[in-house]
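Peer 1: Attaching a predicted model along with its sequence, questions to come.
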Amino acid sequence: MHIISGLLLAALFSRKSGSSRLPLPTFPGVLETVHVLPGRVRLRTPHLLGRPREAEALHQRLARLAGVHDVVVNPLSGSICVRFAPNRLRPELLFGAVIRLLGLEPELQRMPRSRIGQGIRDGGDAVNRALHAQTGGLLDLWTAVPLMLAGLGIRNVATGRAYGWPMLWWAYRSLFPPDGSRE
């Protein structure tokens, strides 16, 4: 919702000169701006791929907007091309309308993940599943690591090592987070 509000405010309060206007944003994998020309905008989204009903619904809704001359929505390529009257309609408003009509707000607000970060998460998930399967559901990674920290912390405190208490603290915080995220 914040993205749409921002686009609407930018459209309403930006300068009239076309040369000083910034191009429409691009959100890779969600909604990408292919090109913006006076009176024409082309967007692409994988959300429409293989979904002819959604493409037709988007076509009908966009075609009803005042100032829109022609709409072509292609579910094979995910392309959306809109011809419009530049003196009646702004590309930013069309961009916001497409976001809203396709329900893309949650995807645009989600923080994108890097491929390396996703690989690390996938590896952690694989280790978690393997540990869960090997222990017959008794343990998972999210309980095994804090239990290991607790065991090492108790041993280090018992032998007089100074770093035993921080291990016990991290074990406690992992098992009982203050925000209740483990519930």
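Peer 2: In hand now; what should we look at? Computed from a predicted model, the values in this text were never measured in an experiment. Numbering: from 1, shown residues only.
Peer 1: Per-residue pLDDT of residue 111, please?
Peer 2: Residue 111 carries a pLDDT score of 76 in this model.
Peer 1: That one falls within a strand, correct?
Peer 2: No. Checked against DSSP: H, G, I helix; E, B strand; the rest coil, residue 111 lies outside a strand; its state is coil.
Peer 1: Tell me how far residue 158 lies from residue 84.
Peer 2: Distance of residue 158 to residue 84, computed by C-beta to C-beta, to the nearest Å: 75 Å. Bear in mind the C-beta positions are built from the backbone N, C-alpha and C, glycine included.
Peer 1: again but with residue 35, I slipped
Peer 2: 14 Å.
Peer 1: can you list residues touching both of those two?
Peer 2: residue 41 (C-beta atoms under 8 Å, 6 or more residues apart in numbering).
Peer 1: thinking again about what came up before, neighbour count: residue 158 and residue 84, which is higher?
Peer 2: residue 84 (23 against 9; other C-beta atoms under 10 Å).
Peer 1: shouldn't residue 77 be in contact with residue 45?
Peer 2: No. Assessed by C-beta atoms under 8 Å, residue 77 is found out of contact with residue 45, at 10.0 Å.
Peer 1: Between the two, which has more neighbouring residues?
Peer 2: Using other C-beta under 10 Å as the criterion, residue 77 and residue 45 rank with residue 45 on top: 22 against 12.
Peer 1: Specify the local secondary structure of residue 35.
Peer 2: strand.
Peer 1: Can you name the residues bridging to it?
Peer 2: Beta-bridge pairing of residue 35, defined through DSSP bridges, involves residue 42.
Peer 1: all numbers from here: first residue = 245
Peer 2: Okay, using 245 as the starting number, the last item reads as residue 279.
Peer 1: State the pLDDT value of it.
Peer 2: pLDDT, residue 279: 91.
Peer 1: ok, it - how many residues close by?
Peer 2: Neighbours around residue 279, by other C-beta under 10 Å: 11.
Peer 1: From residue 274, how far out is the residue nearest the centre of the chain?
Peer 2: The residue lying closest to the centre of the chain (C-alpha atoms, centre = their mean) is residue 354, at 3.0 Å. Applying C-beta to C-beta, the value for residue 354 to residue 274 is 9 Å.
Peer 1: so how far is stretch 341-348 from its chain's centroid?
Peer 2: 14 Å (C-alpha atoms, centre = their mean, to the nearest Å).
Peer 1: Identify each buried residue in it, please.
Peer 2: Within stretch 341-348, the residues that count as buried by 16 or more other C-beta atoms under 10 Å are 341, 342, 343, 346, 348.
Peer 1: Find the residues that touch each one of residue 354 and residue 274.
Peer 2: Joint contacts of residue 354 and residue 274 (C-beta under 8 Å, 6+ apart) do not exist.
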